[in-house]
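Novice: Structure, please.
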Amino acid sequence: MKPIVLLLGCLFTLIGANVFAAERPNLLLIVADDLNWRDLGFTGNRDIHTPHLDQLAAEGMQLRGMFTPAPTCSPCRHALYTGLYSMRSGAYPNHTRAYNGTHSMFTYLKRSGYRVALQGKEHIGPPQTFPYEHLGQGPDDFAATRAYVTQNADQPWLLVYASHDPHSPWTRGPQDKYDPARLKVPPYLHDNEVTRKQLAAYYAEITQFDSQVGELMRILRETKQVQNTLVMFVSEQGSSFPYGGKWSLYDNGIRVATVVRWPGVVKAGAHSDALVQYVDVPPTFLAAAGIDPTKIDTGCPDANGARGFDGKSFLPVLKGLADQHRDVVFAQHTTVGINGYKQPYPIRAARDARYKLIRNLAPENRYSISGIHQGEPITSWQTDAQHDPKLAARIEWLFKRPAEELYDLATDPEETNNLAGDPHYAEVQTRLGQALDAWMLQQGDRGMATELDAKSRQGAGRQKKKK
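Specialist: Below you'll find the model as predicted:
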């Protein structure tokens, strides 16, 4: 009897495993590249053609309080995939790598029986931290996408679709859809002919990205996987226009347009203003897959020795069971190692639902990198500013800022009225300052010393081990 009981036990184990696997959703994470959260149809930009993303938003939940903890590609993607803030993981400058031994959601889902893959832009490392299959010849290789999602009907999958659009130079997409002369220039940009031409090219590449989203959803429909797939779209970070957000901790740089579509779980047409961050995405994906994210060892301890995620699952928000998640979100920016940088200009920020505190840790230095301080459109703006003192002052702010900035985002969404030092806001400034201090301490962030060590965290060579 014992062999028969053992055989039946094994059979039930296999059946149970297969049933459980069938109930676990596929996970599709769609990541844009340098896309300002405002520059989509469903977030209010009427000039931009994004029908597929607008449809996705109508079918899912908009997370209007999502933030990236870094405004450059590599550190924000490390946070998005590891569930760790970039300082802690060692992936805090651009073109960076996590500490050896650090794990990612690819690691945990693969261990639990998922197939895991990434298609398109990588910009992360080391490979041991991100054990995914790299699909196809690029983001537009949809034959590879289809082959991957249909490879094994009994095994759930994770696919990160990381587009290269709309990263500059803006050369792709339907240029004929956008007449520079007819566009409404956003208020944070200077309106001139150069800006309008670049804006039209950027918008065309957003529409190119939108077409990729449409193709992905078409594949899910045609392979009959649209109902059992959790789809999340994130806009990554801000655009590379001056004041477009990239390389800054203003909301244009760190606020993220986000949609989650999950039929039967997430209500279509819903929205939430709960504060969430990229580090919360891996715990949420794991929770959706039936894995307890609080039991995870990330392989990378924080300054207190804790080894769990910096993030936490926002599955209750997606299910409509909670309307709050975090009290404060955090962000950091490292300039050392960025193309064209001249002097260190480290920036940190803490933001609650209404106010934001920004610290410029080297206000005596001049912030200058190639992306926003050289070339077009800034050159044409500087020419126009010769006869426009207000524009000249706005341009100067790109290069040099005070030690602290404080903004009331409810009354000043463009973040132009610095309230730091105003006694009426002393309590807010102190409260956010204390939260930022505690976060930096937990992350092992030593401020300028950490900034100056940034180059040791770049490249594909030997990396320092976390002590």
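Novice: Could I get the contacting residues of the nearest residue to E414 once chain neighbours are set aside?
Specialist: Distances taken as Cβ to Cβ, 6 or more residues apart in numbering put Y188 closest to E414, at 5.8 Å, once the chain neighbours are dropped. For glycine as for every other residue, the C-beta is placed from the backbone atoms N, C-alpha and C. Going by Cβ atoms under 8 Å, 6 or more residues apart in numbering, Y188 touches 243-244, 252, 414.
Novice: Could you list everything I347 pairs with in the sheet?
Specialist: Beta-bridge partners for I347, by DSSP bridges, are H333, N360.
Novice: related to what we said a few turns ago, most widely separated two among the contacts of Y188?
Specialist: Spanning the widest gap among those are G244 and E414, at 12.4 Å by Cβ to Cβ.
Novice: Looking at the two, which one has more neighbours?
Specialist: G244 (26 against 14; other Cβ atoms under 10 Å).
Novice: List the residues that contact the more buried one.
Specialist: Residues near G244 by Cβ under 8 Å, 6+ apart: 36, 188-189, 238, 252.
Novice: For it, grab phi and psi.
Specialist: Main-chain torsions, G244, degrees, to the nearest 10: phi -80, psi -10.
Novice: try T207
Specialist: Torsion angles, degrees, to the nearest 10, at T207: phi -60, psi -40.
Novice: one step back: from the contacts of G244, which land in helices?
Specialist: Using DSSP state H, the subset of the contacts of G244 located in helices is N252.
Novice: Out of the contacts of G244, which is nearest to L391?
Specialist: L189 (11.1 Å).
Novice: coming back round to it: which of the contacts of Y188 lies closest to W381?
Specialist: Using Cβ to Cβ, Y243 comes nearest to W381 of the contacts of Y188, at 10.1 Å.
Novice: Would you double-check that the closest one falls in a strand?
Specialist: No - under DSSP: H, G, I helix; E, B strand; the rest coil, Y243 sits outside any strand and is assigned coil.
Novice: Spatially nearest residue to it (excluding sequence neighbours)?
Specialist: Nearest non-adjacent residue to Y243 (Cβ to Cβ, 6+ apart): Y188, at 4.3 Å.
Novice: For that neighbour, give its distance to D251.
Specialist: 10 Å (Cβ to Cβ, to the nearest Å).
Novice: dump the residue contacts of S112.
Specialist: 289-291.
Novice: Poorly predicted segments of the stretch 1-150 of the chain, please.
Specialist: The stretch 1-150 of the chain contains residues with pLDDT under 70 at 1-22.
Novice: hang on, the earlier thing: tell me which two of the contacts of G244 sit farthest apart.
Specialist: Across those (Cβ to Cβ), the longest gap, 12.0 Å, separates L189 and G238.
Novice: neighbour-wise, which of these two wins?
Specialist: G238 (29 against 18).
Novice: can you tell me which residues contact the more buried one?
Specialist: G238 neighbours (Cβ under 8 Å, 6+ apart): 34, 36-37, 71, 244-246, 248, 250, 252-254.
Novice: Pick out the most distant pair among those.
Specialist: Among the contacts of G238, D34 and Y250 lie farthest apart (Cβ to Cβ), at 15.0 Å.
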